[in-house]
Each structure stands twice: as C-alpha cells, then as structure tokens.
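Enquirer: Structure for this input, please:
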Amino acid sequence: MGAIVNMLVSDIIMSFMWVWSSVLIKIFVHKVMGFSHHDTTGELFRYSISIVNMFLFAYLAKVTNGGAYNPLTVLSSAISGSFSKFLFTVGARIPFQVFGSIMAVRLILLTFPGIGRGPKLTVSLHQGALTEGLLTFTIVLISHGLSTKIPGSFYTKTWISSVSKLALHILGADLTGGAMNPASVMGWAYARGDHITKEHLLVYWLAPIQATLLAAWVFRYLVRPSKQDREKKTN
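Expert: Numbers count the residues shown, from 1 in each chain. Okay, here's the model as predicted:
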C-alpha cells in the first residue's frame, strides 16, 4: 500500500513540476536573459536548458522508482503488464497526473497572469490529430527501443530520448504545440475552459492514446523472439 501511495504522490509532484518547469524556462530565457522570441541564439539556449530539464526529470523518475508526469509513458508500460497494473494506471495514475497539471496551471496563472494559455491547435482537427498521433507514435517507439534493445548507460539513453523529444516537439510546435503529453495540455485547457471540446479530446487524448497502443503493438511485433529464442526459453 505504501508503494502505491508513494507512486501516486510522485506522479502528482512530477506533473506539477513539469508544467512549472516549462514556464520557468521561458521566463528565464525571455525575461531574465532578454532574448526575443525570434532570436535564434535564444531559441538554442532554451532548447539546451530543456534538454537539461529532461535529464532532471529522467533522474527523478529513477529516484522515485517509476514516477512520471506523462500519461502516455505509464500507459505504454502498462499495456505489456498485468490487467491489474493497467487498471491502476488508467484509474489512478493518469487522473493523479492530470490533477497535478491542473493545480500547476492554476498556480501559474495566479502568479503570472499574463504568461500565456498553453498549447493550441492551429490547424484543422484531422491535421492536428494526425500530427499528435505521429509524434506520439515516434517517441513511444523510440522509448520502447531504448528500454529494451539499445545498450548504453542511463545518460546515453536519456540523451537520445531527450533530443528525440525536443526534435519532435519542434516539428509539431506550430501545429498543435507538439505536446505529446495529455496531462499538461489538460491543465491549460481546463484553465481556458475548453477541456471537454471535441478538438481537445480528439487531438490531445484520443490520437496520442491510439498512437501509443499502436506503437506498443508494432514494437512487440518487430522485436518478437525468434523461434530459436522461444525454444531456448521452453527448454
């Protein structure tokens, strides 16, 4: 029971911190350092800090024995686990991550009223769903590969994962925000009052979840054990 409580508390705290970290990075780069939003040097500086930030959260996930801030991350691992783990993920972990994100956005808007309104869809509904779906499919596939097949240290794998997430985020930033994180988007959408709209549910929840399921299935198909490996395991 204690492990379950610790996991849920870790999810809330990390989700809260993740939303805040993205805002604080922007404030530091544009307000403190004085870089404009169209300054190439400023953007490179912000991307560098973002990678460091992702290293920090990867370390926190390791320290907390699996704490997470992204529903897609825990859903991806729950798919290949037991049914009880899947129910725990869907019924407890994901709602707690959403709650942490909503609380973070509320506090952000109280502290910095003019900070912004979070990711927004700037293309059609179908284009947005396809964009978030493709981005999610790619990063989930990469994450599965890093966790099971690619050798390397924690830092090497985290570097590959962080750079991949950043590159995918940049590709989708002008279309959907390139979020690949339903919980953090939900926090901002809840603050705007459009968290139950068709656009939000289809683009930022349904499409990424379907892409996560598809990526997990494709990965299991691609790396399924050979006949010789199965015979060794049975023997």
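
Enquirer: and residue 123, helix, strand or coil?
Expert: Three-state call for residue 123 (DSSP: H, G, I helix; E, B strand; the rest coil): coil.

Enquirer: Neighbours of it, how many?
Expert: For residue 123, the count of nearby residues is 15 (other CB atoms under 10 Å). Heads up, the C-betas are built off the backbone N, CA and C, glycines and all.

Enquirer: try the one 4 residues further on
Expert: A count of nearby residues for residue 127, using other CB under 10 Å, gives 14.

Enquirer: now it: how far from residue 178?
Expert: Distance, residue 127 to residue 178, using CB to CB, to the nearest Å: 13 Å.

Enquirer: What's the local residue count around residue 153?
Expert: Residue 153: 8 neighbours (other CB under 10 Å).

Enquirer: Model confidence score at it, please.
Expert: The model reports residue 153 with a pLDDT of 83.

Enquirer: Might you report the residue contacts of residue 186?
Expert: By CB atoms under 8 Å, 6 or more residues apart in numbering, residue 186 lies in contact with 98, 101, 102, 195, 200, 204, 205.

Enquirer: isn't the first one right next to residue 71, touching?
Expert: In other words, residue 98. Yes: contact criterion CB atoms under 8 Å: residue 98 and residue 71 qualify, at 7.4 Å.

Enquirer: Which neighbours do those two have in common?
Expert: 182, 183.

Enquirer: more neighbours, the two?
Expert: Taking neighbours as other CB under 10 Å, residue 98 and residue 71 compare with residue 71 leading, 29 against 22.

Enquirer: Now do the more buried one against residue 2, distance only.
Expert: Distance, residue 71 to residue 2, using CB to CB: 23 Å.

Enquirer: any idea which element the nearest residue to residue 53 once chain neighbours are set aside lies in?
Expert: What sits nearest to residue 53 in space, not counting adjacent residues and going by CB to CB, 6 or more residues apart in numbering, is residue 21, at 5.3 Å. In the assignment (DSSP states H and E), residue 21 maps to helix 2-26.

Enquirer: for that helix, what is the average pLDDT?
Expert: 94.

Enquirer: tell me which residues in the helix or strand just after that helix are buried?
Expert: Toward the C-terminus, helix 2-26 is succeeded by helix 40-63 as the next helix or strand (DSSP H and E). Using 16 or more other CB atoms under 10 Å as the test for burial, helix 40-63 gives 42, 45-47, 49-50, 53-55, 57-58, 60-61.

Enquirer: For the chain, give me the ranges with low pLDDT.
Expert: Within the chain, the segments meeting pLDDT under 70 span 149-152, 224-235.

Enquirer: and with 90 instead?
Expert: Applying pLDDT under 90 to the chain flags residues 1-3, 30-31, 34-40, 76-85, 112-121, 144-154, 191-197, 219-235.

Enquirer: what ranges do the strands span in it?
Expert: Assigned strands in the chain: none (criterion: DSSP state E).

Enquirer: Which parts of it are helices?
Expert: 2-26, 40-63, 71-79, 83-88, 94-111, 125-148, 154-172, 182-192, 198-201, 207-222, 227-234 (DSSP state H).

Enquirer: can you tell which of those is closest to residue 119?
Expert: helix 182-192 (5.4 Å; CB to CB).

Enquirer: which of the residues in that closest one are buried?
Expert: 182, 183, 184, 185, 186, 187, 188, 189, 190, 191.
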